[in-house]
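1. mind looking at a prediction? Sequence and model below.
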Amino acid sequence: MTVHCSHCGQLLPQINPLVWLAWEQIPAQCHVKRAIEVACTGKHSLAMLVTSNNLEIDAASLAYWANKYGAQAIVVTPCPCGNYGSPIRECTCAIELIAEHHQSPVWQMAEHADMWIELVEPTTSQKLDSRPRESITCMLARIAKVKLPDQSIKLDELDDGCMQLLSAVVRQLDLSTWQIQRVLNVATTIMALAGAKKMNAAHLAEAVQYRYRQT
């Protein structure tokens, strides 16, 4: 996995993967692991937003596994200190620094990724949960069974329910034509993971959840 500076975009020395956590060691983050499964299945680009220093190793580990198995994952912070938008930590960055951070090459890459997901600080009970977690072998087994269609679902193949949902999303998020196609590409992967032959609103809704929302 290549690692870039979040400010200048320059390549940083690669971190020894041995210091990263095994897939099963990463607590909670089920929504992130699901996004990684989708991204690995469809070879999608995935941006992971982390707003807590406590999650840096978790994020780096998840990005490592995502890239190892076919996704194109990068990790970004919302600002230089990492706390912008955090409900529990105060951001110490000047507005000008945040604006500059959002113009950095890595942030621009993240904004244009096929998928966008935010890591959430695990609760105390989640951190102390000793129950066995799903292994990455199980995830890879599911991916191996997926047969992706030759091409993504097209607009004229969507039923009325999907079109109504997509129309509402396009208005709300002001999606461009290419962004709409990114949503359909991800939704097609989700449909294939579900073993479905026809897209439904649930597949499309999950794909929409992975869109970047500018704050």
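-> Happy to help now that I have it. The model shown is predicted, which means the values in this text are computed figures rather than measured ones.
2. show me the shaky parts of the protein.
-> For the chain, applying pLDDT under 70 flags the ranges 1-19, 214-215.
3. which stretches of it form strands?
-> Using DSSP state E, the strands of the chain run over residues 3-4, 11-12, 45-49, 72-76, 115-118.
4. domains in this protein, as residue ranges please.
-> The record's domain parsing of the chain by automatic domain parsing lists 3-143, 147-209.
5. got those domains as a markdown table, with mean neighbour count columns?
-> C-betas here are computed from N, CA, C, even on glycine. What follows is the domains of the chain, written out as a markdown table (neighbours: other Cβ atoms under 10 Å):
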| stretch | mean neighbour count |
| --- | --- |
| domain 3-143 | 17 |
| domain 147-209 | 16 |
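6. got the contact list for the nearest residue to residue 39 once chain neighbours are set aside?
-> Sequence neighbours aside, residue 71 is the residue nearest to residue 39 in space, at 3.7 Å (criterion: Cβ to Cβ, 6 or more residues apart in numbering). Counting by Cβ atoms under 8 Å, 6 or more residues apart in numbering, residue 71 touches 36, 39-40, 43-46.
7. so how far is stretch 168-181 from its chain's centroid?
-> Using Cα atoms, centre = their mean, to the nearest Å, the distance from the centre of stretch 168-181 to the centre of the chain it belongs to is 18 Å.
8. return the alpha-carbon coordinates of that stretch using CSV.
-> Provided in CSV are the C-alpha atoms of stretch 168-181 (Å, rounded to 0.1, in the frame of the first residue of the first chain):
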residue,chain,number,x,y,z
ALA,A,168,-34.2,12.2,-4.9
VAL,A,169,-30.6,11.5,-4.3
VAL,A,170,-29.4,13.4,-7.4
ARG,A,171,-31.4,16.5,-6.3
GLN,A,172,-30.2,16.3,-2.7
LEU,A,173,-26.5,15.7,-3.4
ASP,A,174,-26.4,17.5,-6.7
LEU,A,175,-24.8,14.5,-8.4
SER,A,176,-23.1,14.9,-11.8
THR,A,177,-23.5,12.4,-14.6
TRP,A,178,-20.3,10.6,-13.8
GLN,A,179,-21.2,10.5,-10.1
ILE,A,180,-24.5,8.9,-10.9
GLN,A,181,-22.6,6.2,-12.8
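9. distance check, the residue lying farthest from the centre of the chain against residue 200.
-> What lies farthest from the middle of the chain is residue 160; by Cα atoms, centre = their mean that is 27.8 Å. Computed as Cβ to Cβ, to the nearest Å, the residue 160 to residue 200 distance reads 11 Å.
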